[in-house]
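Participant: Provide a 3D model corresponding to the input given below.
(chains A and B)
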There are 2 protein chains.
Amino acid sequence: MLTDLTDDLAARLAADLPDAARREVAERYLDEPRGNRHGRAGAVFAPGTTEEVATILRFAHENRIAVVPYGGGTGLVGGQLTDEGTVPLVLSLERMSKIRAVHPGENVLVAEAGAILADVQEAAAEADRLFPLSLASEGSARLGGLMATNAGGVNVLRYGNARDLTLGIEAVLPDGTIVNALRRLRKDNTGYDLRHLMVGAEGTLGIITAVSLRLFQRPAKQGVAMLVVDSPAAAQELLQRAQHATGGGVSAFELISGQGLRFQVEAGLDVRQPFAEIPEWCVLVDLGLPEAMDPETVLEDLFAAALEDELVSDGVIAQSAAQADALWQVRESIPEGNKRVGAIASHDISLPLGAIPDFLETAATRLQEAQGPIRINAFGHLGDGNLHFNQFPPEGETKADHAHKRDAISRIVHDLVHEMEGSFSAEHGVGRLKVDELERYGDPGKLIAMRTLKDALDPHGIMNPGAVLRAR
Amino acid sequence: MLTDLTDDLAARLAADLPDAARREVAERYLDEPRGNRHGRAGAVFAPGTTEEVATILRFAHENRIAVVPYGGGTGLVGGQLTDEGTVPLVLSLERMSKIRAVHPGENVLVAEAGAILADVQEAAAEADRLFPLSLASEGSARLGGLMATNAGGVNVLRYGNARDLTLGIEAVLPDGTIVNALRRLRKDNTGYDLRHLMVGAEGTLGIITAVSLRLFQRPAKQGVAMLVVDSPAAAQELLQRAQHATGGGVSAFELISGQGLRFQVEAGLDVRQPFAEIPEWCVLVDLGLPEAMDPETVLEDLFAAALEDELVSDGVIAQSAAQADALWQVRESIPEGNKRVGAIASHDISLPLGAIPDFLETAATRLQEAQGPIRINAFGHLGDGNLHFNQFPPEGETKADHAHKRDAISRIVHDLVHEMEGSFSAEHGVGRLKVDELERYGDPGKLIAMRTLKDALDPHGIMNPGAVLRAR
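Facilitator: Residues are numbered from 1 along each chain as shown, chains lettered A, B, ... in the order given. As a prediction, this is how the structure comes out:
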């Protein structure tokens, strides 16, 4: 039903757009961070305005051309490139990167979809406000992609994910219709919430062109600690206590496994290990508190009581911003350690909070029974029930030695997640990598409804074909 | 295209359902709180299970019968009854009122859509948790309706509206397809978010049958004060300061106008006025704080600094739970005072926070210029930018004397709200009462998309016809 974007078609479209909108088909549009796929593009267009986005989609709709939206290119599930089907048009938001307005009194920021996350964070900080979305790729990820994939990160526990931070959107539907719902209201009950339909649709229902975002007051004081916990269950109890003691002031609460720290050592990373002996489990706690509370006292009291109750056995409480940064660096170096050691399989799962301890035990048992000795690094956003759960070869062996086990490992992990009513994609999305999983584990009624919505809004299937739903 | 629900058709459907599912067509299914409309029903069915809901919708879909969903019947915009079109089937959720599970360790509660809000609050409290959705009708409003209308209330500022409190839903689509997305996960990026499409759709895209909800730890300490503010702008500055001082610990922040208090006196309500002289503007502040903070000290410090800066001029800080309740009673008696005096017109609007002071002045000027001397009571959820903005006759005259001005008043108010990029329905929804407004003020692209979604999911238009979108 779709047709290749030929040079002729691209030239016809280019004639309707300013010269600046046509880009070279550079390699970066065709690569993705994990190097699993390589995309194609008949042409790359980078519109400068919402109207130009509408012109492109109208043309693609009329001529049945596949459109692959491209933000910062940092997605981990292949949503930003296609190596199947017809030759697509790549639509990059890079020229729509303006921050349109900051309203500190309203705690609102309005920006175009091509704005880079770090720039948005900075614009908020300049107005003495916090935009709390924060993740590893923030230096290159762009708002449109972050919203389209409903990005998560370390501060979801307190401030919510990309969806929760979005007050309004402007978007272009597949047929070129512009939807202006770029409101900066906290409450608006006037009809279906298109914002939430576009957020998380991964570019399959249209293009988000601008967003209005929630900002927050910056906490007056920060407290950071790394505590050795007896078990993941102990970590969960500790989190409840920390929330109670601070009235919900826990900004981040990250679970770290000893395996992750041992990988840092094994890979020779320049990371100062906080404990003389690497513990089996520890947590990074980050508190954001008002002026009237002292973070160190709160953390000391929390630690003392947890020590008494044998939830924790050791800990480091940062005494300076530099120490806080050093503890965060331990957490943030985990992916690099993983990368150097080389994962056989990676999973971005979420579980009901109560199921996590059982999951960790059962998954390890099942994996080792079926696949022999492999190493597991489980880490991540414990308060959200979101774990990155990755498998590695035994020491001295390589990823390549075990690559053939990848699918079987993922099946074991995702089957168990499904049994426990969890999700096979907590924050990374479906993209092209997990379409099979969605078909396997998705609720049949939900899949029917999704297909109905897709066919209604995008009858020719031009928008990011093959992502989320199978192309047809 | 639709057909009346005749006795024959009702009997055929009844044969497929347990006896208990057929209800008398009682008056309560046909009334609404403001008495503006009177509904009709060929039959009332109250299914006991999700499967029975599916049976009913499948039948209605096949036979082209209008279905009006009915929760607690407390909606204020006529979404729960129809007096136009074919004779409908009323589908009441009253028999699906079970609280299925409470997971205090996860801060999650799962309940059927017919559960009454007060019962849900109580079940949470029994598990030492808070379900923060709170509004005047909580003793009879049911979850399904609250979710379908994305209800708000006094705690949205801190905890979000019904949408934000919903982790997952189970729903039945118009053709009888059951969607099971009743997850209790904090993060789940596996496809389009049907939850958010059903929430706020006011029963026009299907029936919500169960929800999983976020719970919260109950704040250790509460502090309540009523402070006389110099102006709405001063109130906004005070809120920012209160948020900063408490790290986001403001549970509610309600603006109260002197007019609302004078109405209480005029109507002879048994409400103890907190100030000897009724102030022009005051605010009710409710803080929920951790153990380590003292609410009275926080409120005293806030008050002293605001007095110094001439933001406030007087105030009462509750010294006991009874005093806190008494202050809340002042706020909660405003609607009763309004009712007794008799409003010519009522509006549930939201505005960008920065626009509120200007709106209040400009609206008063325009209304008085066009309609002569009328009295205005503006009150509500200032932190959310959500005001209830109601007009009344001069003292000694009646609502009936001025009833003819109603439409003109609403036009002036809503035109100004629209100019200022606000919403004509902040928390009450569109229902049947505000369909004209949605057509007048709604973004054309959004309306196109809404119609596309409605036609796709409900091709025969059986679900709550005439609500939100015009029936056709």
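Participant: Strands along the stretch 151-300 of chain A, start to end?
Facilitator: Shown for the stretch 151-300 of chain A, the strands assigned by DSSP state E, counting those that start in this stretch span residues A:166-172, A:178-181, A:207-214, A:216-217, A:221-229, A:250-257, A:281-289.
Participant: Leaving out the residues flanking it, which one is nearest to the residue of the stretch 51-200 of chain A found nearest chain B?
Facilitator: In the stretch 51-200 of chain A, no residue comes nearer to chain B than A:H196, which is 3.3 Å away by Cβ to the nearest Cβ. For glycine as for every other residue, the C-beta is placed from the backbone atoms N, C-alpha and C. Spatial nearest neighbour of A:H196, excluding adjacent residues (Cβ to Cβ, 6 or more residues apart in numbering or on different chains): B:H196 at 3.3 Å.
Participant: Correct me if wrong: that neighbour contacts B:D164.
Facilitator: No - counting by Cβ atoms under 8 Å, B:D164 is not a contact partner of B:H196; they are 10.0 Å apart.
Participant: re earlier: ok, which of the strands of the stretch 151-300 of chain A comes nearest chain B?
Facilitator: With Cβ to the nearest Cβ as the criterion, chain B lies closest to strand A:178-181 of the strands of the stretch 151-300 of chain A, at 3.9 Å.
Participant: State the separation between the closest one and the centre of the chain it belongs to.
Facilitator: Taking Cα atoms, centre = their mean, to the nearest Å, one finds the center of strand A:178-181 at 25 Å from the center of the full chain.
Participant: so what does that strand touch, helix or strand wise?
Facilitator: Contact analysis of strand A:178-181 by 3 or more Cβ pairs under 8 Å, 6 or more residues apart in numbering or on different chains; DSSP states H and E lists helix A:50-63, strand A:166-172, helix A:194-198, helix B:444-457 as its packing neighbours.
Participant: Near chain B, which residues of the stretch 1-150 of chain A? Just list them.
Facilitator: By Cβ under 8 Å from any Cβ of the partner chain, the part of the stretch 1-150 of chain A that sits against chain B consists of A:103, A:105-108, A:149-150.
Participant: Please identify, among these, the one with the most neighbours.
Facilitator: When neighbours are counted by other Cβ atoms under 10 Å in any protein chain shown, A:T149 leads the residues of the stretch 1-150 of chain A next to chain B with 30 neighbours.
Participant: residues in contact with the residue lying closest to A:S350 once chain neighbours are set aside?
Facilitator: Spatial nearest neighbour of A:S350, excluding adjacent residues (Cβ to Cβ, 6+ apart): A:A426 at 3.6 Å. For A:A426, the set of contacting residues under the criterion of Cβ atoms under 8 Å, 6 or more residues apart in numbering or on different chains consists of A:152, A:348-350, A:381, A:384-387, B:185, B:187-189.
Participant: Select, from these, the two members most distant in space.
Facilitator: The widest separation within the contacts of A:A426, taken as Cβ to Cβ, falls between A:L387 and B:N189 and amounts to 14.2 Å.
Participant: Give me the phi and psi for the residue nearest to A:S350.
Facilitator: phi -80, psi -50 (degrees, to the nearest 10).
Participant: now it: how far from B:R186?
Facilitator: 8 Å (Cβ to Cβ, to the nearest Å).
Participant: Quick one: residues contacting A:V77.
Facilitator: Taking Cβ under 8 Å, 6+ apart as the criterion, A:V77 is in contact with A:425, A:428-434.
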